[in-house]
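K.L.:
after the sequence you'll find the predicted model.
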Amino acid sequence: MYGLVNKAIQDMVCSRFDEKIWEEIKQKAEIEVDVFIRMEAYPDDITHRLVKAASAVLNLSPQAVMQAFGEYWVQYTAQEGYGELMDMSGDNLVEFLENLDNLHARVGISFPKLQPPSFECTDTEEETLSLHYRSNREGLAPMVIGLVKGLGTRFDTEVDITQTQSREEGAEHDEFLVKYKPQ
């Protein structure tokens with residue numbers, strides 16, 4: 001994963017807790033990197049170790065850490081220079097979700113080693129849709145839940161998301177039922 005992801009984890013921990021907690025997490029994860037360079041690719045293992053260590057230090061499940069990170073990621077990327085790109089990807093939650101693959105394609109221009117997931121919306125109704133998530137990375141479904149909740153905040157939309165199908169339980173891909181209600 002790119003340094004931008006690891007830097008966001010650092011910023012989330014430091015903003016919600018403090019620098020000492022971040023240093024404890026880094027030490028527990030056996031990470032010796034002092035500064036994550038946003039545009040540099042790092043092994044996925046570093047991110048997984050950070051999440052596992054954050055889980056232990058903060059006394060939260062890894063899923064809770066990933067979900068919180070997903071919510072944080074939405075605001076973080078908007079503040080870190082991707083806000084305009086996000087603005088072009090939709091004026092509401094459904095438009096944005098339907099344009100996620102296009103957004104990742106545009107981001108891929110700046111991040112040539114990007115291995116983005118794929119998202120597909122089906123069964124779209126007035127206040128529900130099915131979100132299909134495909135990725136070659138494992139264990140990120142809780143982050144998707146957080147991302148959708150964070151997007152709900154971004155678009156002032158009440159969101160309830162439930163995972164209905166899981167790769168970890170043998171499904172071909174992860175699937176979520178998203179219930180939404182614009183405010």
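P.N.:
That came through, no problem. Residues are numbered from 1 along each chain as shown.
K.L.:
wait, a strand at residue 129?
P.N.:
Yes - counting by DSSP: H, G, I helix; E, B strand; the rest coil, residue 129 is located in a strand.
K.L.:
separation between the residue lying farthest from the centre of the chain and residue 85?
P.N.:
When each C-alpha in the chain is compared with the mean C-alpha position (C-alpha atoms, centre = their mean), residue 126 comes out farthest, at 25.2 Å. As for residue 126, its distance to residue 85 is 28 Å (criterion: C-beta to C-beta, to the nearest Å). No exception for glycine: its C-beta is placed from N, CA and C like everyone else's.
K.L.:
do residue 177 as well
P.N.:
On the measure of C-beta to C-beta, residue 177 and residue 85 end up 28 Å apart.
K.L.:
just give the nearest non-adjacent residue to residue 63, would you?
P.N.:
residue 142 (4.1 Å; C-beta to C-beta, 6 or more residues apart in numbering).
K.L.:
helix or strand for that neighbour, which one?
P.N.:
helix 141-154 (DSSP states H and E).
K.L.:
paired strands for the helix or strand following that helix, with orientation please.
P.N.:
Next in sequence after helix 141-154, counting helices and strands by DSSP H and E, comes strand 157-165. Sheet neighbours of strand 157-165, with direction, are listed as strand 174-182 (antiparallel) (DSSP bridges).
K.L.:
now the strands for the protein?
P.N.:
118-122, 128-134, 157-165, 174-182 (DSSP state E).
K.L.:
check the gap between residue 158 and residue 93 for me.
P.N.:
Distance, residue 158 to residue 93, by C-beta to C-beta: 10 Å.
K.L.:
overlap in contacts, these two.
P.N.:
152, 180, 182 (C-beta atoms under 8 Å, 6 or more residues apart in numbering).
K.L.:
so what's the residue nearest to residue 63 up against?
P.N.:
So residue 142 contacts 62, 63, 64, 66, 67, 70 (C-beta under 8 Å, 6+ apart).
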